[in-house]
Every structure is written in C-alpha cells, then in structure tokens.
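[1] Give the three-dimensional model of this entry:
(chains A and B)
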Amino acid sequence: MKFGVITFPGSCDDRDAQLAAARVGEVVPLWHADHDLQGAEAVIVPGGFSYGDYLRAGAIARFAPIMTEVVEFARAGGPVMGICNGFQVLCEARLLPGALLTNTSLRFVCRQVTLALVNPNTTFTRAAKARLSIPVKHTTGRFYAPPAELDRLEAADQVVLRYAPGHNPNGAARDIAGIVNEAGNVFGLMPHPEHAVDPLTGSEDGLGIFASIAGGCR
Amino acid sequence: MVASSALHEAARALGLSDFETSRIVELLGREPNEVELAMLSLLWSEHCAYKHSKLLLRTLPTEGGRLLIGPGENAGAIDVGDGWAVAFKVESHNHPSAVEPFQGAATGVGGILRDIFAIGARPIASLDSLRFGEPTSERSRYLLDRCVAGIGHYGNSIGVPTIGGEVYFEAPYEQNCLVNAMSIGLARAERLIRSAAAGPGNLLVLLGASTGRDGIGGASVLASAELGESDEAKRPSVQVGDPFAEKKLMECSLELLERDLLVALQDLGAAGLTSSVPEMAAKGGVGIDIDLDAVPLREADMEPFEIMVSESQERMAAIVEPAKLDAVLAVCAHWETSASIIGAVTETRHIRVFRGAELLGDLPLDVLVDGCPLYELEPERPIEPIYPTPARVLDSTDPNEILLALLASPNIADRTPLFEQYDCIVQSRTIRRSGTADAAVLALPNGRAFAVAIDCNGRRAAADPYRGTVEAVLECAANLACVGARPLGVTNNLNFGNPEKPHIAWQLTESVRGLGDACRALAIPVTGGNVSLYNEGAEGPIYPTPVVSLVGELLAEPALAGRLAFASEGDAIALVGPFEPSLGASELAKLRGEPLPDRLPACDIASVLEAHATVIAAVSAGLRAHDIAEGGLAVALAECCLAAGLGATVELEAVAEAALFGEAPGGFIVSGPREQLPGRIIGTVGGARLRIGPIDLPLDRLREAHAALAALFD
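    So this is what the prediction gives:
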C-alpha cells in the first residue's frame, strides 16, 4: 500500500502522518505545487495551518495545484483521508459535506479524547477499535451542517466517529468527530490518528485507521 | 574630541548615558552621524551588550561535561549520545509582552525558535516561564489570557510542540509581567553551525520577510529601560509575528544547512540588522558592507536608520559563497522565501552602510561591538524590606481548609487550562505531556530520551537571592530526577530590576553566585543564557527571577520515564530525601499575608543530590516519583492522588503546619510496591479520600479546588 502524504507550506503534521503510514505501508511525500500523485494508492491530507490559514481554515489549500489531482483521484474512488486541517481542506474542496467552525470555547484545545466508532464498515475503520483514545488539537474543529443534512448523514451511515459522552472538545454538532462522503472513499476527522500510533507517546488506537486503509488495498 | 551638547541630547533620547556618548566620540575620534548613533545606541544597550551583567556572568562554569556549544552563540548545545546534539536557549520578551501581550509573547516564541535553527538544529519543543500579578487584577488576567494565546498561536501554527512551562502570580509582577520563552532543537552534532562570518568576497544574503517599521528601537526603548506611564505610546516598538512566514523560513534554512550551502547563519532579533551583522563580522574577524537599497522594504520611504534597526520578524542573515548563490536561491524559491543579496564580507573589520554608492555610516567593530563599557555593579544589601507584604487571603487554621486553599492558589492550581491551549504532541516525540510528570520527556532518534524542566520561585529568590537561586537549580534537577533523568546542561534567564540601584545589584550578584555554586555542585556547564534587567515600574521592582532550565538524559529506557500519578491501589508511599520543611516564604505564608523572611534556611546540596540519585534509581526501576515543592508534602500528595484518581492514607509523626505545608529542597514522594521503596514509608495508596494526619478530604473536593484556574479562561 502506497500512501501519498501532501505537504502544503504551513503543514505541521505531515511528517507525523508519514511516520504513522510507514508503520503499515510505503510512503511517498507529495508537494502542494506538483500535479502528480506519484502512484499513491491512498492520499492523506495532513494537519497544520496550510498557507498560514489566515483566511478561513483550508480555504486557500483547496486551490493548491495538487488538489486538482486529489479531487480527480477521489472522484475515481481512491481513498482520501483528511486529518484536522486536512478535514477542513476536504470540506472546502466539497469532497465532504458540512464545515468546520471555530470551537465554542473560541480557543485552541489540545486534549486526549475518547471516540466511539459509529461505522466500523468503512475503508478507514474496518481494523479500528470500537472505542479509541486519540488526541485532538485545533481551534476550528466544530463540525457543522444544517439539521436536515445531519439527519441525512446519520441515516446514510456517513457519521464514522463521535466524541464519547463528555468528550466533545469543540461543540461539534451531534458530537461528530469524523465523517465519510456518500461513496465512502473520502474520510475527514478532527482527531489525529497519526498521533496515536505508539503507546510510548500516548496511545496506539489510531494505528487501526491506517491499518484499515492499508488492508483495503492488499 | 568632546561630544557636542546636541549629540548628548540625541544620544540620551536613544538611551545612551553622557559617559557612553563621550566614550564613543573618543574612540571614533569624531561624532557619529544619525545612522551610526542609532546603531551604537542599540549595540551598546543593556539588551545587546550585557554591560551590567557580563562581568558577573564570567564567574559561571561554562565548560566541561557534554558541552558542544557554550555561551556566545545563538544557542548552547550538548551531546546526548550517538552523535546527536540537543540545542537549547531561553530568552525574555518581558517588556514587549507588558505593552502588547499577544504579539509580545508570540514574537518571543518566534525569536527563540530562530536562535535554534540558526545553529542548524530543528526546533523540536518549546517551554515558557510566565509571571503575572495576582489574577484578582483585571490587567493580570488580560495579560495572562493574551500571552497564553500568543504563545499558542505561534507555536501551534509553526508545528513546534509547547511541552511545558511554569507560571506564577505575584503582586510585584503586576506592571511588569515576565514572558521567558525557551526552545529546544535537535541536530547531528557534526552539522551544528556557528554564526561567524568568513571569507572576504562572500555574500551577505537576507532571508525571509521584508523590512518594515515594526519594532523600531525595541532593544533600547523596551528592553533596557523601566516601564512607565506612557507604555501605550511604545506599542509601535512591539513587533508583529507571522508564524507561517517563519515556518517557511525555518524549513528553508534547515534545507540550506543540510545541503551545505551556507558559510554562516544568524537570526535577526533585537536591533535587527544592526546587531546581527556586526556580531557575525566580529566573531569572524572580518568586516561587512551593507547596501540598504537592496533590502526589500514594506514602506518605500523608510529612513536608513529605520532599516538598520527595524525588528521586523522572520528574517535571517546568511553568508554565502558566490559559487553557491544559485543553489541557495533555488532552495529559497522552493520554500517561497525571499532572498536578497544585501552586502558582502570584507577584510576591513568595519561595518559600512551604503545606500547605493553613498556611504551612510562606517563603524569599526572594536567600537561597535567591543567598545561598550562593562560596568562593575555596586551591590548593597537592602536594610529594609523592598517588597510589600502580600495581601492576606487565608485566615483558617484548619488543615483541611488550608490544603484546599493551597490547591486553589493560582501558583499551585492545575495548569491544564493553559497547557491545553498548546499543541504538545506535534512531531511525535512527546513521551510525557505537560502535567503528567515533573519534567517533560522527549524521544531521541537513537532510541533514548531526554528531559527538560524550567523553574524559579521568585518569592524565595526575593527572600534570599543566593539560596533562592540555588533552590531553583535544585528544583529543576529534582524535576528531572522524577522522570529518571540526570542533568547535562543548564541555561538561564536572569530577570531583575534596575541594576544601577544598589539593592538590585545585590540581588543580581547574589543570584549569580548561587547559580554558579549550584551548577558546580551538579557538575554541569551553563550553555548560555539571557539577562533581562530594568524590570520595574512605578511601584517597584519585580521579584528577582532567575529562571533556570535544565536538560538531562534518561538513564533507563524511554518507556520507564517517570510519572507523578500514583500507579495502583495498595502501593506504598515513601518520603525520600533530607527534607526539612519550614513555612518562611512558603505559599501558605503568602496566603496568610506574612512578610518575606530575611533569609532562607541553608540546605546541604550534597545530601539533596544524593536524594536525586536515589529517586533516579527508583524511577528507573519502574517506581513513581513526585517532588515536594510549593505547598509542601500535603499538596504534593494531593497532586499524586488527583493525577491518578486514587486516594491515599498517610501517617506522620509530626503533623504541625510546617510538616504538612512547609517547603524546602530535597523532598520526594516515591510510590510503588512496598518492598522496592527507598526512604521512609509513610502511607498507602487507595480509596477515594486523602487522609494525612488531621487532613481527611474526598478527592472530589481536592479536584474542585485544584481546578481554580479554569475560571480565568471562561
């Protein structure tokens, strides 16, 4: 399994995503200004502050040259995972529904949270545990969609991860931490599974997500 | 040659004394022009020249052990094994933060990060040491809120984890808060680079942001004078930070160094081009010509002196061989980082400033860099107390009430509401996060780990600058011991009032003597440091605050890094060390509004260090350890309980207030299986209450009290 990990100027967790993916597969770094996915079989849009995020989080990154290829890859059914800033970018690129708003606290929050796996049958979660301890760290992580859209997402099993009761760090609607698109091949989540791949640094519950992606293409 | 009265007047406005102005004229043999005077006023400022502290700092041990780079470079560095080096440095941004806390704190972080990558090390972690007035003051709450937000903004956005730090609230910091930012870097030892310019004919290349009017005169106006009434008028002297620009500059700089494309690299910090360029030239024994026409400007009409002294952030100066210029420019283009050739290395040992063909200034380095007079301090022990007695906020003598009041005291309460605003995990090295252990622990690429702690109790240093400073070093070493680490190097940030006043000179002298003695006892070199003087306002000086930071190596494997939480129900609790607590200058004495004592009790450093060795061995064998600090034994036990969600029952022979709440160096709580414990067994882990002699409280009440800081961030 060959993971392509994008680096935008301002990406912070690109190296972390590479290290995590390397535990279950091969990694190829992708540069924002290129028009080439270099044969990646899955694409990770990592966390950070792409282009500084001085406008709206992810609003500039969706116009990056590499995103043309990512959109095409996703439309063709290729697995794409956006973590944190990557989730914001995928929403801005309309590959995922909804939007990420500023946390209700209006502050950055870095916290280990407990997640409930709502849909274990996706490309991204088949090998994941039912309850996961994974950190979040963001200012703009409050998932929002109109109530009718939320109903539709829930009915279609597109809600993949929820914050466990009492663990919602940002005021996300219906405790939603991660969703997939209708086709199930594009996944966005605010928690950082790449920061939960080694008990030494906190937890290894995120590894199951990377293993799921790798397993899907064996 | 005598300086004219017009020159004296202009020089005074820039912070130079008449004596210094006369000396400049004498050394130059002429009067400096406007550009030259601006440069001299900055390089001869306290901030750049350390003119009141350099003679004292020379008494510190700066060699030996695992030192790779000592004082004088952008950052110090130590060898952590297998060819890996850890670089670290702490620097103050006190006055900018007091004037504009968000940008002041943010650019403090940005500045210290540049110091780290300037020597070729990738920044892998930051810490900070903060001081504010009591949170009952609206101004203090504002400064706290905005400083924390600024630190988070810069560190989180650039992808360097903020792994720890400390904060104290005391009335003497009300007008003059302290923001000391520390950064740590990782490099292969052989890849570390120094800042000395070399090779006449080589090019001076300015990397990064364009130059604007922000931060003009920051080093002299803000950092080298007392704060006064008109501080709002100084806001234009505070720089504005752009972490995105610095992120690109950092990646660009590290790639340039990795590919061996630079002769030297230096960050532009306080005093901008005026300090960085002469420092590079002086270290290399060469000269440098600068052409201001080649400096990219934000505003076209900037005066030459403004360009020279601008403190615009996110800029670096590099020395490049002409043959490598194209390769340098290609790397800069990749990282979307501006690169401009603004000068060249010469053999002159002069800094010459041109605008096109016009020569605007010409200063010999022996005047500019080496000419500043160094002052002997005139210390005098004060006869009367300098500091007002703290406000009395606690009347109770009930030990339960006292423990709850201490846990809720802003100096002791849970720091989670601050720490949560910082990304502490990016870069995937953080083994112990803030608040889970007494020191932060980071993984190294060689499969080992290192630890870092930063600390200083200013109130104790105010009571006794010598012993208070010794205690600050021992406290950091104790923190390292609790994660199983042995110290390898120390850095410091000396925050004091106006050194021209005899009682402040005495504090500074005593403190540096304590720092030297403690470091010699630990056999660790001082790898560098920063001095911030003139920290006083109309209401008097800050507490003397010699912030100390120790970096050490874990002796056991990284997975055994210590935690402060009790591990398991049924574990025994031992008291380890030559702990002889007393209430003078303690947190309890403060809550009761007692005046500072005139001295602190002496402590036997050798026996404290023996206790550290015992604790390191215990932690390396898998036991838990927590050092006894503010609030004494009872607070330390409560912290172990709260971190674990487990209660404890402790029996003490003495249950006087001093035994329960007194403070002193050298005390540790070590817990684990009874048969493995060193020291004296005093209790057992278990249940949902903390019982210590007369104290008996449910964990819920302890937790509620300990959460006091959360209300400050609502």
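[2] Which residues are in contact with residue 67?
    No chain in the question, so chain A it is. Contact partners of A:M67, counting by CB atoms under 8 Å, 6 or more residues apart in numbering or on different chains, are A:A61, A:V89, A:A93. No exception for glycine: its C-beta is placed from N, CA and C like everyone else's.
[3] my question was about chain B
    B:G76, B:A77, B:I78, B:D79, B:G489, B:P525, B:T527.
[4] again, 7 Å this time
    B:I78, B:G489, B:P525, B:T527 (CB atoms under 7 Å, 6 or more residues apart in numbering or on different chains).
[5] burial of A:R23, as a residue count?
    15 (other CB atoms under 10 Å in any protein chain shown).
[6] Out of the contacts of A:M67, which comes closest to chain B?
    Among these, A:A61 lies closest to chain B (CB to the nearest CB), at 12.2 Å.
[7] So that closest one sits against A:F8, correct?
    Yes. Contact criterion CB atoms under 7 Å: A:A61 and A:F8 qualify, at 5.3 Å.
[8] Mutual contacts of these two, please.
    In contact with both A:A61 and A:F8: A:S50, A:Y51, using CB under 7 Å, 6+ apart.
[9] secondary structure class for B:R213?
    Recorded secondary structure, B:R213: coil (DSSP: H, G, I helix; E, B strand; the rest coil).
[10] isn't it right up against B:E306?
    Yes. Look at B:R213 against B:E306 with CB under 7 Å: they come within range, at 6.1 Å.
[11] Who has more neighbours out of the two?
    B:E306 (20 against 17).
[12] Quick check: that one vs B:A391, distance?
    Separation of B:E306 from B:A391 (CB to CB, to the nearest Å) stands at 45 Å.
[13] got the residue ranges for the strands in the stretch 51-200 of chain B?
    B:67-69, B:76-81, B:84-92, B:122-132, B:162-169, B:178-188 (DSSP state E, counting those that start in this stretch).
[14] Also chain A?
    A:2-7, A:26-31, A:42-45, A:80-83, A:99-101, A:109-117, A:131-138, A:142-144, A:159-163, A:176-180, A:186-189 (DSSP state E).
[15] what would those strands look like in TSV with distance to chain B, mean pLDDT and mean neighbour count?
    Shown next, in TSV, are the strands of chain A (distance: least, CB to the nearest CB, whole Å; pLDDT from 0 to 100; neighbours: other CB atoms under 10 Å in any protein chain shown):
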stretch	distance to chain B	mean pLDDT	mean neighbour count
strand A:2-7	9	98	24
strand A:26-31	9	98	17
strand A:42-45	15	98	28
strand A:80-83	12	98	30
strand A:99-101	16	98	20
strand A:109-117	5	98	19
strand A:131-138	5	98	22
strand A:142-144	16	98	22
strand A:159-163	15	98	23
strand A:176-180	17	98	28
strand A:186-189	16	98	28
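[16] so where's chain B shaky on pLDDT?
    Along chain B, the model assigns pLDDT under 70 to residues B:217-237.
[17] Give me every residue in it lying close to chain A.
    Taking CB under 7 Å from any CB of the partner chain as the measure of proximity, chain B contacts chain A at B:152, B:156-157, B:159, B:244, B:247-248, B:336, B:420-428, B:430-431, B:443, B:558-559.
[18] of those, buried ones?
    Buried by 16 or more other CB atoms under 10 Å in any protein chain shown: B:152, B:156-157, B:159, B:244, B:247-248, B:420-428, B:430-431, B:443, B:558, out of these.
[19] Mind listing residues that contact the one helix or strand in chain A whose mean pLDDT sits lowest?
    Across the helices and strands of chain A, mean pLDDT, DSSP states H and E gives its lowest value to helix A:207-216, namely a mean of 93. Applying CB under 7 Å, 6+ apart, the contact partners of helix A:207-216 are A:1, A:20-21, A:23-25, A:42, A:79, A:81, A:123-129, A:193, A:197.
[20] okay, now the closest residue to A:G4 other than its chain neighbours: neighbour count?
    Leaving aside its chain neighbours, A:G4 sits nearest to A:A40 (2.8 Å; criterion: CB to CB, 6 or more residues apart in numbering or on different chains). By other CB under 10 Å, 25 other residues sit near A:A40.
[21] With A:V27 as the reference, measure out to A:A40.
    Applying CB to CB, the value for A:A40 to A:V27 is 9 Å.
[22] Just give me the residues shared between the contact sets of these two.
    By CB under 7 Å, 6+ apart, the residues touching both A:A40 and A:V27 are A:F3.
[23] So the closest residue in space to B:A264 that isn't next to it in sequence: helix, strand or coil?
    Residue nearest to B:A264 in three dimensions, not counting chain neighbours: B:I319, with 4.3 Å by CB to CB, 6+ apart. Secondary structure, three-state DSSP: B:I319 is strand.
[24] shouldn't B:I319 be in contact with B:V263?
    Yes. Applying CB under 7 Å, one finds B:I319 in contact with B:V263, separated by 4.1 Å.
[25] which neighbours do these two share?
    B:A198, B:N202.
[26] which of those two has more neighbours?
    Set B:I319 next to B:V263 and count neighbours by other CB under 10 Å: B:I319 wins out with 26 against 21.
[27] any idea how far the more buried one is from chain A?
    26 Å (CB to the nearest CB, to the nearest Å).
[28] what's the answer for B:P322, then?
    28 Å.
[29] quick one: that residue and B:P200 touch, right?
    No. B:P322 is beyond contact range of B:P200, at 11.6 Å (criterion: CB under 7 Å).
[30] what's the burial count for B:D395?
    B:D395 has 10 neighbouring residues, counting by other CB under 10 Å.
[31] likewise the one 4 residues further on?
    Applying other CB under 10 Å, we find 20 other residues in the vicinity of B:P399.
[32] Then B:R680?
    11.
[33] what bridges to it?
    B:L575 (DSSP bridges).
[34] distance of it from chain A?
    For B:R680, the distance to chain A equals 33 Å [CB to the nearest CB].
[35] Who does the nearest residue to A:A172 once chain neighbours are set aside form a beta bridge with?
    Spatially, and ignoring its direct neighbours in sequence, A:A172 is nearest to A:F143 (4.1 Å; CB to CB, 6+ apart). Beta bridges link A:F143 to A:L100 when assigned by DSSP bridges.
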